[in-house]
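Asks: This is a predicted model, with the sequence first.
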Amino acid sequence: MKLRILVAALAAFTLAACGQGQPNNQADVDFASGMAPHHRQAVEMADLVPDRTDNPRLRSLGERVRAAQQPEIDALTGWLKRWGAKESADHSGHAGHGMAGMMTPQQMTELKAAKGVGFDKMWLRMMIEHHKGALEMARTELAKGADPEAKKLAQSITDSQQKEIDEMTALLAER
């Protein structure tokens, strides 16, 4: 009887030790290392809204983008650390301007110079494109990733950003 208890305890300990780290793969690393700078640029774009428009709906949307994406950046960078992976050396949000949906430095300069209705239209068009890039990255994670937490975040991004694309498309149609 004591031997069975000892074996059961040892088995439970071994299983617990094995479960301490989530399984991850290169798709998870690519997702986190790409989505972090992608989200940083979205936050940078959202930060421009209050000083450039009086549109309360656009202001609300910008705040929601910022509020949602900063905690996600924190999760993504935490996973990279846990996995022993490195982030891009450039955290400005432009490091990956070649990835899906990222704005170029020139586009960001143009957006920063715009105000009023011109800003609203430009921001909405750019953010729709930006979100579509995030959806592409999230769908790749869902299809190829292994880490359950990363896949859960990818699904959340897919759901929330598709709703925001729909909202932004409607706002753009009103302009």
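Replies: Nice, thanks for sending it over. Residues are numbered from 1 along each chain as shown.

Asks: okay, now residue 123: neighbour count?
Replies: Applying the criterion other C-beta atoms under 10 Å, we find 26 residues in the vicinity of residue 123. For the C-beta atoms, the positions are set from N, CA and C on the backbone; glycine is no exception.

Asks: so how far is residue 169 from it?
Replies: Plainly put, residue 123 is 13 Å away from residue 169 if you go by C-beta to C-beta, to the nearest Å.

Asks: now swap in residue 113 and tell me
Replies: From residue 113 over to residue 169 the distance is 24 Å, taken as C-beta to C-beta.

Asks: Same question for residue 149.
Replies: Shown here: residue 149 relative to residue 169, a distance of 30 Å by C-beta to C-beta.

Asks: More neighbours: which of those two?
Replies: The neighbour comparison of residue 149 against residue 169 (other C-beta under 10 Å) goes to residue 149, with 15 against 12.

Asks: Packing partners of the host helix or strand of the more buried one?
Replies: Secondary-structure element containing residue 149, defined by DSSP states H and E: helix 148-174. Under the contact definition 3 or more C-beta pairs under 8 Å, 6 or more residues apart in numbering; DSSP states H and E, helix 148-174 sits against helix 26-52, helix 56-83, helix 116-144.

Asks: any idea how far that helix is from the chain center?
Replies: 10 Å (C-alpha atoms, centre = their mean, to the nearest Å).

Asks: next one: stretch 78-87
Replies: Here stretch 78-87 shows a centroid-to-chain-centroid distance of 15 Å under the convention C-alpha atoms, centre = their mean.

Asks: Stretch 114-134 now?
Replies: 17 Å.

Asks: Repeat that for stretch 30-45.
Replies: Averaging C-alpha coordinates over stretch 30-45 and over its chain gives two centres that are 5 Å apart (C-alpha atoms, centre = their mean).
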